[in-house]
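*Asks:* 3D model of this:
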Amino acid sequence: MTEVNGIKAPEKLGQGHFKAMAICWLLGLGSLVAWNSVLTIGDYYGILFPNYHPSRVLTLVYQPFAFISMGILAYKEATVNTRKRILIGYTLFFLGTLMMIVVDVATSGRGGIGPYIGICAMVGVFGVADGHVQGGVIGDLSLMRPEFIQSFFAGLAASGALTSALRLMTRAAFEKYHDGLRKGTMMFLALSTFIEFLCIFLYAIYFSKLPIVKYYRSKAASEGSKTVMADLAAGGIQTQTDIEAIPQRLTTKQLFIQNYDYALGLFLIYALTLSIFPGFLFENTGKHQLGTWYPLVLIAMYNVLDFISRYTPLIPCLKIENRKGLMVAIGLRFLFVPAFYFTAKYADQGWMILLTSILGFTNGHLTVCLMTVAPKGYTGPEQNALGNVLAFCLMCGIFAGVLLDWLWLIGNGKF
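*Replies:* Alright, predicted model coming up:
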């Protein structure tokens, strides 16, 4: 049995493994449920602010804050207190969703530039929170088991699937009622607020005390990681590491150079996805038999297939581990651009739903394949650094995709 700093590696999966996976899933859910709620209630904001392109503008507001905060924290990752970083992020998510409810209640659901600025401000807070949470959690889990990363990314996708399913149900339940759309929106934001509070509780109180988590963090500390010290202390462990015995870790630049293909791959995955989702699906797919339900169905299908595909890499024959194979698959996704253009112009809604489903499936599957393969073979501090680098590249891809999404408006008279 392996032992690090007096902490033995759990031999049985029952010693915290499945509990850790469940918490990682919930942490992933909390990392995106607030933002996905904003995306999913885009139809409400579209009616409330019809002249301001909320489905695109809110995404454009969100990304710079997430991009800058994650970039700074990724650069400083070796000295950042990961525990404090993650708790600050979830707290900001909690306060942001709560304030969005307050803004809507205070204005009685009226539109106008004032409430719109308030909503944009809260979305900016979500961006800062995302920069704290995703890089911190991905870096932290990268030094543990690949299943934990997979569970976290499955939770990220589950937030989209959950919000889409609830949106369809609340839309059907409240459609005939006065202010029905607004009632559904308030339910969404209230649920998001509760989930963020649950994430704060689980991470602050419970996660650090799981035996398997304490083992991997102790192992990382023995290899020179400073980012896990506060979490180890929260788990009741005081570490004393022989500094002279610690092997010198690769620099962040060296890690990036060794993994430039993985970094580029993540960038391209999300640049392509966000150039289509959600703005194109809301504003550029025309009118069909489903009416106002059409964009909601498209968003729901994307989110459901994205969620399912986060589990398909667990099937060995479906997991892509070859670096060249991953890059070829990522490159082939750019065929979605002409496919979506011609489908929106000439095909019916069935083909668009199918195409959107494939977009979601490939997004989730390739992300998990890449993120679970990349950290293998490195020490704990290097895995944490690489996790932060890859999370930042993912965010760069999202930011680029959001900007590229505006190109669909050229020539249609709506810019």
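*Asks:* now do whatever helix or strand K345 lives in, average pLDDT.
*Replies:* Using DSSP states H and E, the secondary-structure element containing K345 is helix 336-346. Rounded to a whole number, the mean pLDDT of helix 336-346 is 86.
*Asks:* return the set of buried residues in the helix or strand just after that helix.
*Replies:* Secondary structure here is assigned by DSSP H and E; on that basis, the next helix or strand after helix 336-346 toward the C-terminus is helix 349-373. Under the neighbour-count criterion of 16 or more other Cβ atoms under 10 Å, helix 349-373 has 349, 352-353, 355-373 buried. All C-beta spots, glycine's among them, are computed from the backbone N, C-alpha and C.
*Asks:* same thing with stretch 188-199?
*Replies:* For stretch 188-199, a neighbour-count test (16+ other Cβ under 10 Å) marks F188, L189, L191, S192, T193, I195, E196, F197, L198, C199 as buried.
*Asks:* show me the contact partners of that stretch.
*Replies:* 26-27, 29-31, 33-34, 37, 40-41, 90, 93-94, 97-98, 100-101, 104, 163, 166-167, 170 (Cβ atoms under 8 Å, 6 or more residues apart in numbering).
*Asks:* restricted to helices, list the residues you listed.
*Replies:* Using DSSP state H, the members of those that fall in helices are 26-27, 29-31, 33-34, 37, 40, 90, 93-94, 97-98, 100-101, 104, 163, 166-167, 170.
*Asks:* report the buried members of the residues you listed.
*Replies:* When burial is judged by neighbour count using 16+ other Cβ under 10 Å, the buried members of the ones in helices among the contacts of stretch 188-199 are 26-27, 29-31, 33-34, 37, 40, 90, 93-94, 97-98, 100-101, 104, 163, 166-167, 170.
*Asks:* run the chain-centre distance for stretch 373-382.
*Replies:* Its chain's C-alpha centre and that of stretch 373-382 lie 21 Å apart, by Cα atoms, centre = their mean, to the nearest Å.
*Asks:* can you list contacts of it?
*Replies:* In this structure, residues lying in contact with stretch 373-382 by Cβ under 8 Å, 6+ apart are 78, 142-143, 146, 149, 216, 219-221, 223-225, 227-228, 247, 249-250, 255, 259, 262, 321, 326, 383, 386-387, 390.
*Asks:* likewise for stretch 158-167?
*Replies:* Residues from elsewhere that reach stretch 158-167 (Cβ under 8 Å, 6+ apart): 25, 28-33, 36-37, 39-41, 184, 187-188, 191, 296, 299-300, 302-304, 306-307.
*Asks:* just to revisit the earlier point, mark which of the contacts of stretch 373-382 are buried, thanks.
*Replies:* Looks like those have 78, 142-143, 146, 149, 216, 219-221, 223-225, 227-228, 249-250, 255, 259, 262, 326, 383, 386-387, 390 buried, using 16+ other Cβ under 10 Å.
*Asks:* what's the distance between H132 and F152?
*Replies:* Relative to F152, H132 is positioned 15 Å away (criterion: Cβ to Cβ, to the nearest Å).
*Asks:* swap in E321?
*Replies:* With the distance defined as Cβ to Cβ, E321 ends up 19 Å from F152.
*Asks:* same deal with Y75?
*Replies:* The spacing between Y75 and F152, counted by Cβ to Cβ, is 22 Å.
*Asks:* in a helix, that's where A391 is, yeah?
*Replies:* Yes. Secondary structure assignment places A391 in a helix (DSSP: H, G, I helix; E, B strand; the rest coil).
*Asks:* that one and D140 touch, don't they?
*Replies:* No. The pair A391 and D140 does not pass the contact test of Cβ atoms under 8 Å, sitting 10.8 Å apart.
*Asks:* the two - which one has more neighbours?
*Replies:* Neighbours around A391 and D140, counted as other Cβ atoms under 10 Å, are more numerous at D140. The numbers are 32 against 26.
*Asks:* hang on, that one packs against V228?
*Replies:* Yes. Taking Cβ under 8 Å as the contact criterion, D140 and V228 are neighbours in contact, 7.5 Å apart.
*Asks:* low-scoring stretches of the stretch 201-350 of the chain, by residue?
*Replies:* Low-confidence segments of the stretch 201-350 of the chain, defined by pLDDT under 70, are located at 239-247, 279, 281-292.
*Asks:* mind doing that once more with 90?
*Replies:* Judged by pLDDT under 90, the stretch 201-350 of the chain has its weakly predicted residues at 219-252, 274-303, 337, 340-350.
*Asks:* once you drop chain neighbours, what's closest to G401?
*Replies:* L274 (2.6 Å; Cβ to Cβ, 6 or more residues apart in numbering).
*Asks:* before we move on, what about Y311?
*Replies:* By the measure of Cβ to Cβ, 6+ apart, the closest residue to Y311 outside its immediate chain neighbours is A154, 6.2 Å from it.
*Asks:* ditto for G331
*Replies:* Beyond its immediate neighbours in the sequence, the residue positioned closest to G331 (Cβ to Cβ, 6+ apart) is L268, lying 7.4 Å away.
*Asks:* tell me how many other residues crowd the residue nearest to Q238 when sequence neighbours are not counted.
*Replies:* Once its chain neighbours are removed from consideration, Q238 has its nearest residue in L232; the separation is 7.6 Å (Cβ to Cβ, 6+ apart). The local packing of L232 (other Cβ under 10 Å) involves 22 other residues.
*Asks:* list the contacts of L143.
*Replies:* Residues near L143 by Cβ under 8 Å, 6+ apart: Y216, R217, K219, A220, S225, V228, P375, G380, P381, Q383, N384, G387.
*Asks:* tell me the SS of the fifth one?
*Replies:* Spelled out, it's S225. Assigned with three-state DSSP, S225 falls in the coil class.
*Asks:* relative to Y215, how far out is it?
*Replies:* S225 sits 13 Å away from Y215, going by Cβ to Cβ.
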